[in-house]
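> The sequence and its predicted three-dimensional model are supplied below.
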Amino acid sequence: MKFSYLISAFAIVLSIISCSPKSKKEEPKPIANQNITSLNRGGFHRHDMTYDSLGNLITDRQGEDNHEALLKISYEKNLAKTISFELNNYNQTRLYTINYVNANEITIESDDRFGASQWLSSANLKFNASGLVESITTKINFYTYTFNYRYDAKDNLTYAETVESFTKPVIYEDYDDKPNPYYAKAKLWTIINLIKSQNFRLNRVYPFDFVISKNNPRKSFSQANKFYEKLSYTYDENSYPVKVTRHTYVGSNDIPPLESDYKLDPNAIEATYEK
């Protein structure tokens, strides 16, 4: 009798197991630090990066129109210490030294021995506890420029402004829930984008390819030129954006455009990541 009871109980357990729903396949979790190896915007803007064995960015080559910029980064104790910058149509190369004042402040100094020029000569950057930049002060040709940034509680950029005679901010909103490729190394990408933008495109520090934020914005509005932008993303298996499609509209006032007002920008951004 005891044996028959045991067999019955065993059969019941097997029945329960066989009828239990199968566990769902887990979604891939984002890699903490995904290195970008190339960016391409519409075929005319090229962007190629290489890394050392520790995953540190060591070269960043950017080409656009008839210009090509090359940055070479060296490290001390895994922190970027110097960045050299050169343009192919200049015979001069600038070497920038990065000084870590404290956990939330960095200064950048140039080896400029040529006096006043259009090149970035120095900068002071202040960051929040998440490593996202809150303010930048730069000096170019004896002129000082200030840039301010604001974030929401989720570390997503909401407001970026250039402070000169008047403020013309860029507003970011409607973020996705996917990882931003620059967020894991936000300080380094802030420095790189600063040096490139100030030397390649004077007095513009807004990132050209990706906003430095925890996630990726789907809308932006620049008050300076009444420029509206809608962004849609295609993601890889690790949830990082591999293609960014843009719809844009330039208005004459601050009244938001209708959906029908937006036009497709054929120059999508395509990103490739280190495997």
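Happy to help now that I have it. Numbering: from 1, shown residues only.
> Every contact and neighbour count from this point should use C-alpha atoms.
Will do.
> In a strand, residue 174, correct?
Yes. Under DSSP: H, G, I helix; E, B strand; the rest coil, residue 174 falls within a strand.
> tell me the average confidence for stretch 61-73?
Mean per-residue pLDDT for stretch 61-73: 80.
> That stretch: which residues count as buried?
61-63, 68-73 (16 or more other CA atoms under 10 Å).
> try stretch 253-262
Result for stretch 253-262 [16+ other CA under 10 Å]: buried residues residue 262.
> Stretch 238-248 now?
Here stretch 238-248 shows 239-248 as buried, counting by 16+ other CA under 10 Å.
> Please produce a markdown table containing the residues you listed, extended by secondary structure, pLDDT and distance to residue 177.
Output for the buried residues of stretch 238-248, formatted as a markdown table (DSSP: H, G, I helix; E, B strand; the rest coil; pLDDT from 0 to 100; distance: CA to CA, whole Å):
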| residue | secondary structure | pLDDT | distance to residue 177 |
| --- | --- | --- | --- |
| 239 | coil | 95 | 9 |
| 240 | coil | 96 | 10 |
| 241 | strand | 96 | 11 |
| 242 | strand | 95 | 15 |
| 243 | strand | 95 | 16 |
| 244 | strand | 95 | 15 |
| 245 | strand | 95 | 17 |
| 246 | strand | 94 | 18 |
| 247 | strand | 96 | 20 |
| 248 | strand | 94 | 22 |
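> Phi first, then psi, for residue 127.
phi -120, psi 160 (degrees, to the nearest 10).
> meant to ask about residue 195, not that
phi -60, psi -40.
> Which neighbouring residues are in contact with the nearest residue to it once chain neighbours are set aside, exactly?
Of all residues beyond its chain neighbours, the one nearest residue 195 is residue 120 (7.1 Å), with distances taken as CA to CA, 6 or more residues apart in numbering. Going by CA atoms under 8 Å, 6 or more residues apart in numbering, residue 120 touches 110, 138-141, 195, 198-199.
> Enumerate the beta-bridge partners assigned to residue 120.
residue 140 (DSSP bridges).
> taking the mean pLDDT, what do you get for stretch 38-56?
Here stretch 38-56 scores 87 as its mean pLDDT.
> Can you list the buried residues in that stretch?
Quick answer for stretch 38-56 (16+ other CA under 10 Å): 38-41, 45-51, 56.
> what do you get for stretch 125-139?
So stretch 125-139, judged by 16+ other CA under 10 Å, has buried residues 125-127, 131-139.
> then that stretch to PDB, C-alphas only?
Taking C-alpha atoms only, stretch 125-139 is exported to PDB below (Å, rounded to 0.1, in the frame of the first residue of the first chain):
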ATOM      1  CA  LEU A 125      34.300  71.400 -16.600                       C
ATOM      2  CA  LYS A 126      32.100  70.700 -13.600                       C
ATOM      3  CA  PHE A 127      30.200  67.400 -13.300                       C
ATOM      4  CA  ASN A 128      27.400  66.000 -11.100                       C
ATOM      5  CA  ALA A 129      27.600  62.800  -9.000                       C
ATOM      6  CA  SER A 130      26.700  60.700 -12.100                       C
ATOM      7  CA  GLY A 131      29.600  62.100 -14.100                       C
ATOM      8  CA  LEU A 132      27.400  64.200 -16.400                       C
ATOM      9  CA  VAL A 133      28.700  67.700 -17.200                       C
ATOM     10  CA  GLU A 134      26.700  70.600 -15.600                       C
ATOM     11  CA  SER A 135      28.900  73.500 -16.800                       C
ATOM     12  CA  ILE A 136      31.700  74.200 -19.200                       C
ATOM     13  CA  THR A 137      33.800  77.400 -19.400                       C
ATOM     14  CA  THR A 138      36.100  77.700 -22.400                       C
ATOM     15  CA  LYS A 139      38.700  80.200 -23.600                       C
END
